[in-house]
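> next one to model:
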Amino acid sequence: MWAVARRPKWIAALLLALGVAAAFAALGQWQLERSIDTGTVIERDTETVMPLTSVAQPQASVSGAADGQLVAIAGRFLDDEYLTIADRMNGGESGFWVVGHLQTPDAAGLAVALGWTADRDTAEEVAAGLGAEEVQLTGRYVAGEGPQESDFESGELATVSPGALINLWPTIDSGGVYGGYVVADDPVGGLEAIDSPAPSTEVQVNWLNVFYAAEWVIFAGFAVFLWWRVVRDEWEREEAALAADERPERAE
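Alright, predicted model coming up:
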């Protein structure tokens, strides 16, 4: 078999297979590096309170640097524009948020989560009892959630999606709407404070990229195996032909 493998065409085929394997191995290395890079958390000071206008702008997505930042904001809560959001976990217990529509001095809209309760009636009572109010508050600015798939206009709200909330707020904000929302530090109306921990600083490996890296390594090994399999098939065909030529003819 190795005599067959040393033939020029099979040596050339081996070089090609090794080149393909090297390319696959390089792709595997790249995926492995990405599994660490994408899991790296950028060190930033999220616990120093900053003006919201310095970290985010209306009508813009929430950047990685802004997500989770403690911010200060002034504005006016609009009357009759408080909503309850269901299925919100707090301390391991499911309950309800009360979310208000805050209009900033620049006439931009901002959703503010004002507190949590385990009781639906309490949440609705607090939401109904709140009115127009000028405030200055601090809280954690976080990225808005995706709109829920169910009919939120006739059912209950379960996500804080600024893009969906503007369809429920009677007042149209001429200055646009922030893409994230603020979880207020101080609850209102006897509600409980919403859990809002600092963003995690732990580095986590992206296991999907690790899986892709393993796939490329397997492909690299398969390229060399395919060369060996083709050479072996060639050798077996030649051995079978040689055996047939040496077989004595049957007597008639």
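> check the gap between Val182 and Val20 for me.
Distance, Val182 to Val20, by C-beta to C-beta, to the nearest Å: 53 Å. Where C-beta positions appear, they are placed from N, C-alpha and C, glycine not excepted.
> repeat that for Gly28.
13 Å.
> which residues are common contacts for these two?
Jointly contacting Gly28 and Val20 under the rule C-beta atoms under 8 Å, 6 or more residues apart in numbering are Ala220.
> of those two, who's got more company?
The neighbour comparison of Gly28 against Val20 (other C-beta atoms under 10 Å) goes to Gly28, with 20 against 17.
> would that one count as being in a helix?
Yes - counting by DSSP: H, G, I helix; E, B strand; the rest coil, Gly28 falls inside a helix.
> ok, and the closest non-adjacent residue to it?
Trp216 (3.4 Å; C-beta to C-beta, 6 or more residues apart in numbering).
> count of residues packed around that neighbour?
There are 20 residues near Trp216, going by other C-beta under 10 Å.
> same for the strand ranked longest in the chain, what does it pack against?
Secondary structure of the chain per DSSP state E: the longest strand is strand 69-90. With contacts taken as 3 or more C-beta pairs under 8 Å, 6 or more residues apart in numbering; DSSP states H and E, strand 69-90 sits against strand 50-51, helix 52-55, strand 93-103, strand 109-117, helix 120-129, strand 133-143.
> what sits against Ile194?
So Ile194 contacts 88, 90, 97, 113, 115-116, 183-184, 187 (C-beta under 8 Å, 6+ apart).
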